[in-house]
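J.: with the input below, show me the fold.
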Amino acid sequence: MANIIQKKPWEQAGIKPIDEAIYYNRRQIIKQLGLTTIGMMAAPFVLGACQNPAQQNATGDSAPQEKSNTFDFEGMSDLYPATRNEKYTLDRPLTKEYDATHYNNFYEFINPRDVSIYNVYKYVEPFTTSDWSFEVSGLVKNKGKFDLEDIIKKIGLEERTYRFRCVERWAMAVPWTGFPLAKLIKLFEPKNEATHIRMVTYSNTEEMIGVRTQHWYPWPYYEGLRMDEAMNELAFIATGIFGKPLPKQNGAPMRLVVPWKYGYKNIKSIVKFEFINKEPETFWHKIAPNEYPFISNVNPEVPHPRWSQAMEYLIPDGEKRPTLKYNGYGEFVAGLYEK
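T.: Numbering: from 1, shown residues only. Sure thing, here's the model as predicted:
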């Protein structure tokens, strides 16, 4: 059998060289924890994921062709695009739609034999997002299951443009459609003793190749916020992107967007909100507590244990920019952390 020769990412046309440190990402954590096997090399290199998304899968694995991977409510397509809220402006151009919807660090859909982030969209087709509901529990008056469609009809939708920053130093500028998390929380009427909110991602071995094959991760994915963070005006539940319903690879049908925090705090495909009176454990903190603290605000002055956070690299060409404290949202959130 002939050898398959595949160019390195930095040899691809249109890709600019980036500092060596940007290659590091969370798959090194697994190695450091002593859990590595050949099959455990699941998470993609940051720059390595910038290869041409149309490039043939060199592993020989079959993957579905791209289909309609967006979530849509029957009879509600006229809600998109929503009116843009001009209060939230950007200091940079929007990332191109193709790059923002095809560069996805969604571990539930990463095939260990095809680790490019740019290939996540190939594996989302089995994911069923119709008739989405989520559970609310804990220290709230209104518990139970809620239909997302009903919530959208009650609250409405708006568009906001936000900067997005990954702990691995890549960055985007994205127009999200959705509603403030605070409006959702108010519907549940949390009790005064609720200090934190814990959120959980959908997890299904039949529909998610990463959950089925990467069994060393503590699935399902789970994250959390302090209640004052969750009630901040920036905290947003996104149901759409670029004026359309969310593609599955972007966290359909509902995901969290907290733009002053690193990307892993922005939990996708949410199925549970739990109101509690203590700081919850989170997915990446459980795996590597010295690297992924609960707060995880973007801060150029606080390096990751294995790389500096002073600079960021814009997707897709790697343009280098200084990292902004709180990702540039200090006027909205600095008061939360200066007590």
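J.: longest strand in the chain, please.
T.: strand 170-180 (DSSP state E).
J.: helices or strands next to that one in the packing?
T.: If you count contacts as 3 or more C-beta pairs under 8 Å, 6 or more residues apart in numbering; DSSP states H and E, strand 170-180 packs onto helix 97-102, helix 148-155, strand 158-165, strand 236-241, strand 311-314. From N, CA and C alone the C-beta is placed, and that goes for glycine too.
J.: pick the most deeply packed of these.
T.: Highest mean neighbour count of the helices and strands packed on strand 170-180: strand 236-241, a mean of 26 (counted as mean count of other C-beta atoms under 10 Å).
J.: tell me the helix or strand right after that one.
T.: Counting by DSSP states H and E, the next helix or strand C-terminal to strand 236-241 is strand 244-245.
J.: ok, the helix or strand following that following strand: who's next to it in the sheet?
T.: For strand 244-245, the following helix or strand on the C-terminal side (DSSP H and E) is strand 255-257. Each strand paired with strand 255-257, and its direction, by DSSP bridges: strand 236-241 (antiparallel).
J.: list the contacts of the most centrally placed residue in the chain.
T.: Among the residues of the chain, the one closest to the centroid is residue 266, at 4.8 Å (C-alpha atoms, centre = their mean). Residue 266 makes contact with 164, 251, 255-258 under the criterion C-beta atoms under 8 Å, 6 or more residues apart in numbering.
J.: again, but for residue 141
T.: Neighbour list for residue 141: 188-191 [criterion: C-beta under 8 Å, 6+ apart].
J.: secondary structure for those - can I get that in TSV?
T.: Shown next, in TSV, are the contacts of residue 141 (DSSP: H, G, I helix; E, B strand; the rest coil):
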residue	secondary structure
188	helix
189	coil
190	strand
191	coil
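J.: just the buried subset of these, please.
T.: 188, 190 (16 or more other C-beta atoms under 10 Å).
J.: just the strands from this protein, written as ranges.
T.: Going by DSSP E, the chain shows strands at 133-138, 144-147, 158-165, 170-180, 196-201, 222-226, 236-241, 244-245, 255-257, 270-276, 311-314, 319-322.
J.: still on that earlier bit, any idea how far the residue nearest to the centre of the chain is from residue 249?
T.: For residue 266, the distance to residue 249 equals 14 Å [C-beta to C-beta, to the nearest Å].
J.: ok, the residue nearest to residue 160 when sequence neighbours are not counted to residue 280 distance?
T.: Leaving aside its sequence neighbours, residue 160 sits nearest to residue 88 (C-beta to C-beta, 6 or more residues apart in numbering; 4.7 Å). Plainly put, residue 88 is 28 Å away from residue 280 if you go by C-beta to C-beta.
J.: other residues contacting stretch 298-308?
T.: Residues outside stretch 298-308 that contact it (C-beta under 8 Å, 6+ apart): 21-22, 24, 28, 165, 167, 169, 260-262, 290-291, 309-311, 322-327.
J.: just the CA trace of that stretch, in CSV.
T.: C-alpha atoms of stretch 298-308 as CSV (Å, rounded to 0.1, in the frame of the first residue of the first chain):
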residue,chain,number,x,y,z
VAL,A,298,-9.0,36.1,30.0
ASN,A,299,-5.9,37.8,31.4
PRO,A,300,-2.6,38.5,29.6
GLU,A,301,-0.9,38.9,33.0
VAL,A,302,-1.7,35.4,34.1
PRO,A,303,0.1,32.8,32.0
HIS,A,304,-1.1,29.3,31.4
PRO,A,305,1.4,27.0,33.2
ARG,A,306,2.8,26.0,29.8
TRP,A,307,2.5,29.1,27.7
SER,A,308,2.1,32.9,27.9
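J.: if we can go back for a sec, can you pull the contacts of the residue nearest to residue 160?
T.: Counting by C-beta under 8 Å, 6+ apart, residue 88 makes contact with 160-162, 234.
J.: what number of residues lie near the residue lying closest to residue 264 once chain neighbours are set aside?
T.: Nearest non-adjacent residue to residue 264, counting by C-beta to C-beta, 6+ apart: residue 284, 5.4 Å away. If you count neighbours by other C-beta atoms under 10 Å, residue 284 ends up with 23.
J.: make 452 the starting number, not 1.
T.: Fine by me, first position is 452 from now on; the one you just mentioned is residue 735.
J.: residue 735 contacts residue 742, correct?
T.: Yes: Residue 735 is within contact range of residue 742, at 7.5 Å (criterion: C-beta atoms under 8 Å).
J.: ok, back up a step: what would the strands of the chain look like in JSON lines with mean pLDDT and distance to residue 560?
T.: Shown next, in JSON lines, are those (pLDDT from 0 to 100; distance: least, C-beta to C-beta, whole Å):
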{"stretch": "strand 584-589", "mean pLDDT": "98", "distance to residue 560": "20"}
{"stretch": "strand 595-598", "mean pLDDT": "98", "distance to residue 560": "24"}
{"stretch": "strand 609-616", "mean pLDDT": "98", "distance to residue 560": "18"}
{"stretch": "strand 621-631", "mean pLDDT": "98", "distance to residue 560": "18"}
{"stretch": "strand 647-652", "mean pLDDT": "98", "distance to residue 560": "11"}
{"stretch": "strand 673-677", "mean pLDDT": "98", "distance to residue 560": "17"}
{"stretch": "strand 687-692", "mean pLDDT": "98", "distance to residue 560": "16"}
{"stretch": "strand 695-696", "mean pLDDT": "95", "distance to residue 560": "18"}
{"stretch": "strand 706-708", "mean pLDDT": "98", "distance to residue 560": "14"}
{"stretch": "strand 721-727", "mean pLDDT": "98", "distance to residue 560": "16"}
{"stretch": "strand 762-765", "mean pLDDT": "98", "distance to residue 560": "23"}
{"stretch": "strand 770-773", "mean pLDDT": "97", "distance to residue 560": "27"}
